[in-house]
Each structure stands twice: as C-alpha cells, then as structure tokens.
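**Student:** After the sequence you'll find the predicted model.
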Amino acid sequence: MRSAPVLRGIVLWLAGTDLRLTLLAVPPVIPLIHRDLHLNESGIAALSNLPVLVLAVSSMFGGLLTMRLGAQRAVIVGLWAIAISSALRGFGPSIGMLFAMTVVMGAGIATIQPAFPTLARAWFGERIALGTGIWANGLLCGEAISASLTIPFVLPLVGGSWERSFMAWSVPVVLTALALSAVRDPNRGTPKTSGAWLPNFRDARVWQLGVFQSAASLAYFGANTFLPDYLHATGSVGLVGAALAALNVGQIPASFAVGLIPMRILGRPATSLLVAALIVVAVVVVLLFGGAGTVIGAALLGLTAAYILTMSFALPALSAPADEVPRLAAGTFTLGYAISFVTTLLSGAAWDATHVAAAAFLPMFLAALIVAVLGPRLARVIERAPATASEAQRP
C-alpha cells in the first residue's frame, strides 16, 4: 500500500532536520567542553568543523552508496550512523572518543546528503521541487532547533551534562530512522544509476560553485564555532543562547524567499552585492555593539548564509545537463566544505596566536568578498538558464 504523500512529506522533513540536528548541538555546549577537556581555540575549531571536513571527503562516496543501496536505504543507514555516533561523542568523556565519533557522525551526514535529491524525486515524482523544498526547510529548521533549545531546555533536562545532551539529541534521529523504515518506497524497482560519479576538478564550474558555496559555510559555521567563546571572552555569557538562536532562526526566512521569489530576481548581481554588504554589516555589529546588536548581527549572518547556501544548491542544476549534475554537485560540496574547514581552523589558530577574539571573525569578511566577486558572475548562469529550469527550483 502506497504511503500517503503527506506522510512521506513529514518523514522527509524530519530526515532533513537530522542533517543538522546533532551537528548544531555542539556550539551551545562549547564552553562546557572547553572547561572539561581543556581544549584551546584551535581544538574547538577542529571539533566544530571536523564534520565539515568529513563532509568534504565523504560526499562523493555518499553518492556512490546511494547508487548501490537506493536513496531510502542510504538515508536509513546514515540516520543510524548519526544517532549512534552522536550519542557516543560524550562517552568517557574523552577527547579521543569525542573526535572519533564526530568523524563517524560526519560520515553519516555525508551518506544522507547526496541521497536526498534522489529520494525527493522518487517520492514526489513530477513535484520534485516540492520535495526539495520540504527537506531543505527541514535542514534549516534542524539547525535552529538544536542551537536554540540546547541551553534552555535540553541541558536542564539532562542535569547540565554536555555528554548526555548529545545522547538526548540522538533520540529524534533514531525515531526518524524507524519512521523511514516503516514507509513504503513507491519506487523500489527504480533501476540503479551508473556512470561517472567522481567530480571533475578540471571543470572551472566546480571551482566557481565550490568557492561560492564555501562563503555560506564560512559565515555560518564560523559564527556557530566562535560566537559562544567570543561572548564568554567579552563578558556577554548571557547572550550565547539568544545569539545562536538568532543565527539559526534567521536562516528560515531565506529558505522561504528562495522558494517564493523567482530565481532570476534572486540571481541578479545587485542581490549578491546586497548580501555581501549585509555580511559585512552583520560582523561589524557583532564586534562593535553588545546586547541586542549582537543578536541582530547574528540573525543577519544566518539570513545571508542561508541565502548563499540555497542558491548554491540550485546552481549546479542550472549550470549543467541533467547527467552531469551529480558530479558537479559532488565537486561543489567537496570544495565548499574543504575550504570552510581549513579557513575556520586557521581562524582558531589566529585567535590563539594573537589573543584577539575578533581575529576569528576575519573569514566572514572573506565570505562577503567571495559573494561580491562570484555572485554577479554566477548570475549570468541563471540568466542563460531556461525559465522552466529556474522556476523548477521553487518549492
């Protein structure tokens, strides 16, 4: 019996939240990990961005696994890997276990991510844009949920233990895996895909799109990594929860904007220049103003990062024939995540070397520069794309 579309949509949205739910449970408890395990800022940067590096290395292999197992099975395998490894991160507690299980968790996320477009197509057929909008919105909401609820709700629930908070956030992932296992795949007999799957790094489009996507990660993951300790260092501990919540909730309006506003308007050069300017304004507000200014700046960083990320999801489909999109997307993810990881790690090292907390925010200015330079160039890709292709990106 075919599962109702509404049920499939709910399960797809829940699975989308699991792409970020356990990952973004780390920033709110960074000060506690800092205290208990005595990590310096370089170590904190490595911990927060290690899943990003794993995503860079593993995304292409996640695509291969999707071809071998099918999208639904690949997502189920990834969900179990995320749930188990996330819960074990606090075992000990031990630095070795924390980092090792973070690697496994990142690999689980990498297994899921390439499967989602295929799963959305299998479940929603010609309404692929609707399926894409559902899981993309789930991803953004997952970031907001764990970042916003860890401090006020989850930590008190588990007695203030960051170790048990990781276990608590694994529970929804387990429930989603069980729900997904119970849903009948309406396209179980779909033939397996074959052909080239490794990214072509000699393709200039891979580098343009990869660097553009890295701007989203530089702004978003950089803020998630360094905002908590920055606020502690500047005597604004009480703002950590509100700032992280604003950063993550601020992303959600961008997902609706990209879904509702035609791509040709969002892709105009002026839009990219505006986004670049807003990134600069957001960082300046966070660094120079306290109180409500910090929260507003964090919300702006979330909004702009989500815009860049969502556009980077759409651009591979607008830049290549259908049979080349998986390779181009894999190369985009690989480069984008790799650049973000290395740059954020260097940011932590800069803070350690200079003892100036603001030094960790320099890559966010780099993100603004990337958007200002590459955004207008990539706008020409959207202008050349058929109208139907652009509108197909709308949820």
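**Tutor:** Received, thanks.
**Student:** Let me see the ranges of the helices in the stretch 201-350 of the chain.
**Tutor:** 204-233, 240-249, 252-260, 263-266, 269-288, 292-319, 325-354 (DSSP state H, counting those that start in this stretch).
**Student:** Name the residues of whichever helix or strand comes after the last one that are buried.
**Tutor:** Remark: after helix 325-354, the chain's next helix or strand is helix 362-384, criterion DSSP states H and E. Applying a neighbour-count criterion of 16 or more other CB atoms under 10 Å, one finds 362-368, 370-372, 374-376, 378-379, 381-382 buried in helix 362-384. All C-beta spots, glycine's among them, are computed from the backbone N, C-alpha and C.
**Student:** what angle do helix 362-384 and helix 325-354 make?
**Tutor:** On the basis of axes from the mean of the first three to the mean of the last three CA atoms, to 10 degrees, helix 362-384 is oriented at 160 degrees to helix 325-354.
**Student:** I figured Ile112 hits Leu79, correct?
**Tutor:** Yes. The criterion here is CB atoms under 8 Å, and Ile112 meets it with Leu79 at 7.0 Å.
**Student:** Overlap of the contact sets of the two?
**Tutor:** Ala15, Asp18 (CB atoms under 8 Å, 6 or more residues apart in numbering).
**Student:** Now do the buried residues in the host helix or strand of Leu175.
**Tutor:** Assigned by DSSP H and E, Leu175 belongs to helix 162-182. In terms of neighbour count (16+ other CB under 10 Å), helix 162-182 has its buried residues at 162-170, 172-174, 176-177, 180.
**Student:** Quick check: Ser85 touching Met101?
**Tutor:** Yes. Counting by CB under 8 Å, Ser85 touches Met101, with 4.4 Å between them.
**Student:** Look up how far Met60 lies from the closest residue to Ser214 other than its chain neighbours.
**Tutor:** Of all residues not flanking Ser214 in the chain, Ile339 sits nearest, at 3.8 Å (CB to CB, 6 or more residues apart in numbering). Per CB to CB, to the nearest Å, Ile339 is found 16 Å from Met60.
**Student:** Got the domain ranges for the chain?
**Tutor:** 1-194, 198-395 (automatic domain parsing).
**Student:** As CSV, those domains with mean pLDDT would be great.
**Tutor:** Formatted as CSV, those follow (pLDDT from 0 to 100):
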stretch, mean pLDDT
domain 1-194, 82
domain 198-395, 79
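**Student:** The one helix or strand Ile109 maps to vs helix 325-354, what angle?
**Tutor:** Ile109 is part of helix 95-112, with elements assigned from DSSP H and E. Inter-element angle recorded for helix 95-112 and helix 325-354: 150 degrees (by the same axes, to 10 degrees).
**Student:** Next, the angle from helix 95-112 to helix 162-182.
**Tutor:** 30 degrees.
**Student:** which strands and helices sit next to helix 95-112?
**Tutor:** helix 30-37, helix 41-69, helix 71-88 (3 or more CB pairs under 8 Å, 6 or more residues apart in numbering; DSSP states H and E).
**Student:** what's the angle between the shortest one and helix 95-112?
**Tutor:** If I follow you right, that is helix 30-37. Going by the same axes, to 10 degrees, helix 30-37 makes 140 degrees with helix 95-112.
**Student:** again, but for the second one
**Tutor:** On the basis of the same axes, to 10 degrees, helix 41-69 is oriented at 40 degrees to helix 95-112.
**Student:** tell me which residues in helix 41-69 are buried?
**Tutor:** 41-67, 69.
**Student:** Check the offset of it from the chain's centre.
**Tutor:** From the chain centre to the centre of helix 41-69 is a distance of 11 Å (CA atoms, centre = their mean, to the nearest Å).
**Student:** Repeat that for stretch 277-290.
**Tutor:** 22 Å.
**Student:** Buried residues, it. List them.
**Tutor:** Result for stretch 277-290 [16+ other CB under 10 Å]: buried residues Leu278, Ile279, Val280, Val281, Ala282, Val283, Val285, Val286, Leu287.
**Student:** excluding its backbone neighbours, what's nearest the first one?
**Tutor:** I take that to be Leu278. Per CB to CB, 6+ apart, closest to Leu278 is Thr304, 5.1 Å.
**Student:** so the one you found touches Ala219, yeah?
**Tutor:** Yes. Thr304 is in contact with Ala219 according to CB under 8 Å; the separation is 6.2 Å.
**Student:** between those two, who's got more neighbours?
**Tutor:** Taking other CB atoms under 10 Å, Thr304 and Ala219 do not tie; Ala219 has more neighbours (34 against 30).
**Student:** can I assume that one is in contact with Ala367?
**Tutor:** Yes. Contact between Ala219 and Ala367 holds when scored by CB under 8 Å: they sit 4.5 Å apart.
**Student:** Please list all residues in contact with Ile84.
**Tutor:** Val104, Ser170.
**Student:** ok, how many other residues are close to Leu315?
**Tutor:** The burial count for Leu315: 25, using other CB under 10 Å.
**Student:** make that Ile30, sorry
**Tutor:** Neighbour count for Ile30, taken as other CB under 10 Å: 23.
**Student:** Quick check: closest non-adjacent residue to it.
**Tutor:** Pro228 is the one closest to Ile30 (CB to CB, 6+ apart), at 4.7 Å.
**Student:** so that neighbour sits right up against Val240, yeah?
**Tutor:** Yes. Counting by CB under 8 Å, Pro228 does reach Val240; the two are 5.0 Å apart.
**Student:** Those two - which one has more neighbours?
**Tutor:** Pro228 (27 against 21).
**Student:** how far out from the middle of the chain is the helix holding Ile109?
**Tutor:** 15 Å.
**Student:** Give me the angle between the helix or strand following that helix and helix 71-88.
**Tutor:** Following helix 95-112 in sequence order, the next helix or strand is helix 115-124 (DSSP H and E). Helix 115-124 and helix 71-88 meet at an angle of 130 degrees, taking the same axes, to 10 degrees as the criterion.
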